[in-house]
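> Task: produce atomic coordinates for the following.
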Amino acid sequence: MSQEPSKSYRPQDLHEAGSENPLELAAQGFFWTGGELVDHPVAGKAMRGQQYVEYWVPRKLTHDLPIVMIHGGGGQGTDFLGTPDGREGWVHWFVRQGWAVYVVDRPQHGRSPFNPEFQGEMGRPGPTIFLERLFTRPQDFEDNYPQARLHDKWPGTGTMDDPSFLSFLAGTGPTLADHAAAQTDAQRAGAELLDRIGPAIILSHSAGGPPGWLLADARPELVKAIVAAEPLGPPFEAISGPLPFGVTHAPLTYDPPLGEGETLASQDMPSPGDGLVAYKVQADPARRLPNLCDMPVVVVTAEASWMAADNHAMVHFLRQAGVTVDHMRLEEHGIHGNGHALQLETNSDEVAALIHSWLEEKGF
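Below you'll find the predicted structure:
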């Protein structure tokens, strides 16, 4: 990396900075879930689909349920463990509020090993300018989405010579080329995680949204609420390609059930207002998502993200399928200027506090 952030990581400096407000933990560690053994012509037995899980349990535990944090596409659990300019992340913020937190590296991401001979073919990389255009400085592109001009919360210039951008870039990585297989792996690993830790709240971001829906579908009795921060969408046609099951690439349980090889039928909806895209929902009569109907869900949308233009479609789709959904637009709560990477920006604590308030309102 050509430049380093201004924060010092020397132990004496970190000690001095944190000594006035230490993070007190009762337990911290890691384990693995989801791994399955496969036969390989050279390795013999090999493991694929494993998921790294890191847990943080505060010394003073004041909430009965833990929060499971699921990162987005190309990212890893470090998206919740700190910010590009060296501040504490959402893991620390929620632990300081008395929550136990389990943060994952989804299969094929971060510390979850990705050998294509075991895991499957890697997706091709996109241009790095994509990160600048959609994450770190969308306001600088004249032909960008309408809300981009409102963006001002990235902790730096958002360009290639920005230390915060380089920190963000360093944490990006490959994804599995087969999106359905990646989501199926995440569902299996997530289900095993819940089987081991018990009931939990799911907090997902971006491409972590589909694993959240699939996890709730697989273990509805163990998922007590879902906080979906800018979940992958809009329904049927996301940035990752067509979503044959509406909000996922991998199969979801619908009622009435889909037949073998059958995918959801859709209908077109007009734009509901200025700066909002036309979109698709299910064709009538809509099928229900029975395993997601008994838990509160909130979709969190940032004011200056490209998803500010399309998250209404996700909310409509889920409500049409019988899910109880709140739509939390940050600007309606006095939080302005955030882009898609809202947990990494300068006011990340303010966004976390709003999510915390929603959880408390729901009785958690």
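> Relative to Leu354, how far out is Glu361?
Distance, Glu361 to Leu354, using CB to CB, to the nearest Å: 11 Å. All C-beta atoms are positioned from the backbone trio N, CA, C, and that covers glycine.
> which residues are contacting the longest helix seen in the chain?
Counting residues, the longest helix found in the chain (DSSP state H) is helix 179-197. Contact with helix 179-197 is made by 31, 33-36, 48-51, 53, 66, 68, 70, 102, 104, 106-108, 120, 175-176, 200, 210-211, 214-215, 217-219, 222-223, 240-241, 248-250, as judged by CB atoms under 8 Å, 6 or more residues apart in numbering.
> can you do 7 Å?
33-34, 49, 51, 53, 66, 68, 102, 106-108, 120, 175-176, 200, 210-211, 214-215, 218-219, 222, 240-241, 248-250 (CB atoms under 7 Å, 6 or more residues apart in numbering).
> how far off helix 179-197 does the helix or strand that that helix is followed by point, in degrees?
Once helix 179-197 ends, the next helix or strand along the chain (criterion: DSSP states H and E) is strand 200-205. Interaxial angle, strand 200-205 versus helix 179-197 (axes from the mean of the first three to the mean of the last three CA atoms, to 10 degrees): 150 degrees.
> Remind me what the helix or strand following strand 200-205 packs against, helices and strands.
Later in the chain than strand 200-205, the nearest helix or strand by DSSP H and E is helix 209-218. Counting contacts by 3 or more CB pairs under 7 Å, 6 or more residues apart in numbering; DSSP states H and E, helix 209-218 packs against helix 179-197, strand 200-205, strand 223-229.
> Mind doing that once more with 6 Å?
Contacts defined by 3 or more CB pairs under 6 Å, 6 or more residues apart in numbering; DSSP states H and E place helix 209-218 against helix 179-197, strand 223-229.
> which of Glu361 and Leu354 has more neighbours?
Each of Glu361 and Leu354 has its neighbours counted (other CB atoms under 10 Å); Leu354 has more, 16 against 11.
> Excluding chain neighbours, what is closest to that one?
Residue nearest to Leu354 in three dimensions, not counting chain neighbours: His333, with 5.6 Å by CB to CB, 6 or more residues apart in numbering.
> Out of the helices and strands packed on helix 209-218, indicate the one that is most buried.
Of all these, strand 223-229 has the most neighbours on average by mean count of other CB atoms under 10 Å, namely a mean of 25.
> quick one: contacts for the nearest residue to Met269 once chain neighbours are set aside?
Spatial nearest neighbour of Met269, chain neighbours left out: Tyr279 (5.2 Å); criterion: CB to CB, 6+ apart. Contact partners of Tyr279, counting by CB atoms under 6 Å, 6 or more residues apart in numbering, are 234, 269, 313.
> Sketch out the low-pLDDT regions of the chain for me.
Flagging of the chain using pLDDT under 70 yields the residue ranges 1-6.
> for it, what spans make up the helices?
Using DSSP H, helices in the chain cover 11-18, 78-81, 90-96, 116-119, 129-131, 163-170, 179-197, 209-218, 311-320, 348-361.
> next one: the third one to chain centre, how far?
Right, helix 90-96. Computed by CA atoms, centre = their mean, to the nearest Å, the chain-centroid distance of helix 90-96 equals 16 Å.
> Asp143: neighbouring residues, count only.
Neighbours of Asp143 under the rule other CB under 10 Å: 6.
> ok, it to Arg149 distance?
12 Å.
> Pro290 too?
Using CB to CB, one gets 41 Å for the distance from Pro290 to Arg149.
> Which members of the contacts of helix 179-197 are classed as buried?
Buried by 16 or more other CB atoms under 10 Å: 33-34, 49, 51, 53, 66, 68, 102, 106-108, 120, 175-176, 200, 210-211, 214-215, 218-219, 222, 240, 248-250, out of the contacts of helix 179-197.
> For Gly110, give me its contacts.
So Gly110 contacts 76-77 (CB under 6 Å, 6+ apart).
> Arg48 against Glu117, yeah?
No: the pair Arg48 / Glu117 is not scored as a contact, 9.2 Å apart, by CB atoms under 6 Å.
> These two: which is more packed in?
Arg48 (21 against 13).
> partners of the more buried one in the sheet?
Judged by DSSP bridges, the bridge partners of Arg48 are Glu36.
> again with the one 10 residues further on
Applying DSSP bridges to Pro58 yields these beta-bridge partners: Leu25.
> Give the burial count for it, as a bare number.
Using other CB under 10 Å, Pro58 has 21 neighbouring residues.
> how big is the angle separating the longest helix of the chain from helix 209-218?
In terms of direction (the same axes, to 10 degrees), helix 179-197 departs from helix 209-218 by 50 degrees.
> and helix 179-197, how far out from the chain's middle?
With CA atoms, centre = their mean, you get 14 Å for helix 179-197.
> picking up where we left off before, the helices and strands packed on helix 209-218 into TSV, with extra columns for distance to Gly261?
Converted to TSV, the helices and strands packed on helix 209-218 look like this (distance: least, CB to CB, whole Å):
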stretch	distance to Gly261
helix 179-197	13
strand 223-229	28
